[in-house]
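Novice: no letters, just coordinates:
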Ligand code: HEM
């Protein structure tokens with residue numbers, strides 16, 4: 001039985017901790033850096049150096065048995081088709097090489113004016129209201145529309161596609177809510193299957209056609225891997241980006257001086273996005289399963305044990321980021337691990353950064369001052385993701401004209 005600090009209790013499923021996990025993270029880093037959570041049946045690593053070391057060590061820390069912290073008895077690998085994010089080398093190396101060919105920096109850079117147009121359009125819907133819901137009207141739809149357009153989903157299918165993806169993302173398997181999410185996943189697989197056949201016959205200039213055509217060293221994606229990858233883009237690219245934006249709206253509202261500076265000097269926004277990723281990371285933690293025993297901080301973690309890597313805590317580690325609990329848009333936190341590290345480093349990081357920069361610059365230009373109504377906000381209850389289901393936002397005065 002693993003030994004623990006008697007005063008500490010931590011589980012990623014505890015709703016009270018979800019509200020503000022940072023004080024508990026500090027306790028974990030200082031007093032139990034290799035902590036056994038009996039409630040969640042997992043080891044928890046919270047220090048920057050330990051999380052980083054585990055991320056670059058897939059030979060001991062495997063992703064193949066799933067990466068979401070799940071309550072005992074829930075097997076996430078049964079829920080999804082084979083996914084890049086849940087594979088280890090050598091298959092991961094081959095898959096990543098293939099999908100990277102379709103997910104190129106050029107393809108992302110070309111999306112700039114398109115993302116701009118989507119952001120302007122979404123913000124125009126709430127232009128006349130002094131109170132609106134940031135999640136349902138802005139941070140939620142933006143990534144879903146961007147991914148749908150990237151894949152090449154026709155405009156007329158967009159609403160159906162969005163409702164499936166929202167259902168999938170909001171049903172939370174980490175709480176055992178499978179039903180609606182599984183139905184939505186099945187509908188999406190069917191949809192993507194038919195869509196894939198169409199793109200095989202008639203390739204276009206979109207990501208789906210590029211994926212169908214992408215091959216590396218004589219290898220290509222199987223039908224299942226291709227469908228799994230499309231679904232992964234939705235799951236990995238949707239709620240993460242949504243909550244980066246939602247958390248940013250809250251942090252900037254709580255730091256009006258920084259917000260004013262960013263409004264006056266939009267060129268500082270890219271640096272601020274890095275600090276927002278560090279300060280309130282949308283993905284708080286993901287899991288690995290040990291292939292070999294690991295000894296750490298006087299504890300022996302056994303082969304087969306799961307280990308939760310707390311990115312949200314690593315990014316607040318005072319040893320890596322001096323004065324880590326202070327939000328500072330000038331910090332330039334190049335080492336932040338909000339996108340992970342190593343072989344699974346977020347494939348969509350450039351896209352997420354692009355969306356966040358354009359969204360925040362446009363928002364700041366058009367709505368200089370806002371306040372979030374945290375009393376009415378609804379927090380997302382999810383093991384890995386930190387953010388909101390609903391976030392009412394108010395403007396003290398009439399919105400200024402966008403530049
Ligand atoms: C702020 C937004 C985002 C955050 C915080 C984020 C975070 C992450 C993290 C932490 C990982 C590493 C997983 C691991 O180590 O197990 C990851 C992987 C991944 N992300 Fe993101 N992500 C974001 C946006 C996106 C977007 C927009 C896309 C694509 C549309 C995307 C696609 C992926 C994919 C495909 C992987 C798997 C890479 C692999 O296994 O090789 N992500 N992301």
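Specialist: Arrived safely, thanks for sending. Predicted model only: the values in this text are computed from it and were never measured. Numbers count the residues shown, from 1 in each chain.

Novice: and the stretch 101-250 of the chain, which of its residues are near the ligand?
Specialist: 147, 232-233, 236-237, 240-241, 244 (C-beta under 6 Å from any ligand atom). Yep, even glycine has a C-beta here, placed from its N, CA and C like the rest.

Novice: let's see which of the residues you listed end up in helices.
Specialist: 147, 232-233, 236-237, 240-241, 244 (DSSP state H).

Novice: tell me which residue in the stretch 1-150 of the chain sits closest to the ligand.
Specialist: Nearest residue of the stretch 1-150 of the chain to the ligand: residue 85, at 3.9 Å (C-beta to the nearest ligand atom).

Novice: gap between the closest residue to the ligand within the stretch 151-300 of the chain and residue 147?
Specialist: Of all residues in the stretch 151-300 of the chain, residue 237 sits closest to the ligand, with a separation of 2.7 Å (C-beta to the nearest ligand atom). Residue 237 sits 5 Å away from residue 147, going by C-beta to C-beta, to the nearest Å.

Novice: what is the neighbour count of the one residue in the stretch 251-400 of the chain that gets nearest to the ligand?
Specialist: Closest approach between the stretch 251-400 of the chain and the ligand, counting by C-beta to the nearest ligand atom: residue 348, at 2.0 Å. Using other C-beta atoms under 10 Å, residue 348 is surrounded by 22 other residues.

Novice: and for residue 332?
Specialist: Neighbour tally, residue 332, other C-beta under 10 Å: 11.

Novice: and residue 280, by the same measure?
Specialist: 23.

Novice: and it, what pLDDT?
Specialist: pLDDT, residue 280: 98.

Novice: equivalent analysis for residue 122, please.
Specialist: Residue 122 is assigned a pLDDT of 94 by the prediction.

Novice: leaving out the residues flanking it, which one is nearest to it?
Specialist: residue 138 (5.3 Å; C-beta to C-beta, 6 or more residues apart in numbering).

Novice: look up how far residue 252 lies from that neighbour.
Specialist: Look at residue 138 and residue 252: by C-beta to C-beta, they are 14 Å apart.

Novice: now residue 339
Specialist: Using C-beta to C-beta, we find residue 339 at a distance of 21 Å from residue 252.

Novice: neighbour count: those two, which is higher?
Specialist: Taking neighbours as other C-beta under 10 Å, residue 339 and residue 252 compare with residue 252 leading, 23 against 20.

Novice: that one touches residue 260, doesn't it?
Specialist: No - checked against C-beta atoms under 8 Å, the pair residue 252 and residue 260 is beyond contact range at 9.7 Å.

Novice: now distance to residue 156, pLDDT and neighbour count too, for the ones in helices among the residues of the stretch 101-250 of the chain next to the ligand, in JSON lines please.
Specialist: Shown next, in JSON lines, are these (distance: C-beta to C-beta, whole Å; pLDDT from 0 to 100; neighbours: other C-beta atoms under 10 Å):
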{"residue": "147", "distance to residue 156": "17", "pLDDT": "90", "neighbour count": "22"}
{"residue": "232", "distance to residue 156": "25", "pLDDT": "87", "neighbour count": "21"}
{"residue": "233", "distance to residue 156": "21", "pLDDT": "87", "neighbour count": "24"}
{"residue": "236", "distance to residue 156": "26", "pLDDT": "85", "neighbour count": "20"}
{"residue": "237", "distance to residue 156": "22", "pLDDT": "85", "neighbour count": "22"}
{"residue": "240", "distance to residue 156": "27", "pLDDT": "93", "neighbour count": "22"}
{"residue": "241", "distance to residue 156": "24", "pLDDT": "96", "neighbour count": "26"}
{"residue": "244", "distance to residue 156": "29", "pLDDT": "98", "neighbour count": "27"}
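
Novice: using CSV, lay out the residues you listed together with distance to residue 318.
Specialist: CSV is the format used below for these (distance: C-beta to C-beta, whole Å):
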residue, distance to residue 318
147, 36
232, 34
233, 35
236, 30
237, 31
240, 26
241, 28
244, 23
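
Novice: check the residues you listed and tell me the two furthest apart.
Specialist: Pairwise distances across those (C-beta to C-beta) peak at 17.8 Å, for the pair 232 and 244.

Novice: ok, back up a step: of the residues of the stretch 101-250 of the chain next to the ligand, which is the nearest to residue 92?
Specialist: residue 232 (12.5 Å).

Novice: how about the contacts made by the residue of the stretch 151-300 of the chain closest to the ligand?
Specialist: Taking C-beta atoms under 8 Å, 6 or more residues apart in numbering, we find residue 237 in contact with 143, 146-147, 348, 351-352.

Novice: any chance of those in a markdown table, plus distance to residue 59?
Specialist: Shown next, in a markdown table, are the contacts of residue 237 (distance: C-beta to C-beta, whole Å):
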| residue | distance to residue 59 |
| --- | --- |
| 143 | 33 |
| 146 | 35 |
| 147 | 32 |
| 348 | 25 |
| 351 | 29 |
| 352 | 28 |
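
Novice: pretty sure residue 36 is in a helix, no?
Specialist: No - counting by DSSP: H, G, I helix; E, B strand; the rest coil, residue 36 falls outside a helix, being strand.

Novice: beta-bridge partners for it, please?
Specialist: In this entry, residue 36 is beta-bridged to residue 43, by DSSP bridges.

Novice: wait, it touches residue 45, no?
Specialist: No - in this structure, residue 36 is not within contact of residue 45 by C-beta under 8 Å, at 11.2 Å.

Novice: pick out whichever of the two has more residues nearby.
Specialist: The residue with more neighbours, out of residue 36 and residue 45, is residue 45; 30 against 18, by other C-beta under 10 Å.

Novice: the more buried one is in contact with residue 305, isn't it?
Specialist: No - counting by C-beta under 8 Å, residue 45 stays clear of residue 305, with 11.7 Å between them.

Novice: how about the nearest residue to residue 313, chain neighbours excluded?
Specialist: Nearest to residue 313 is residue 25, by C-beta to C-beta, 6+ apart, at 3.6 Å.
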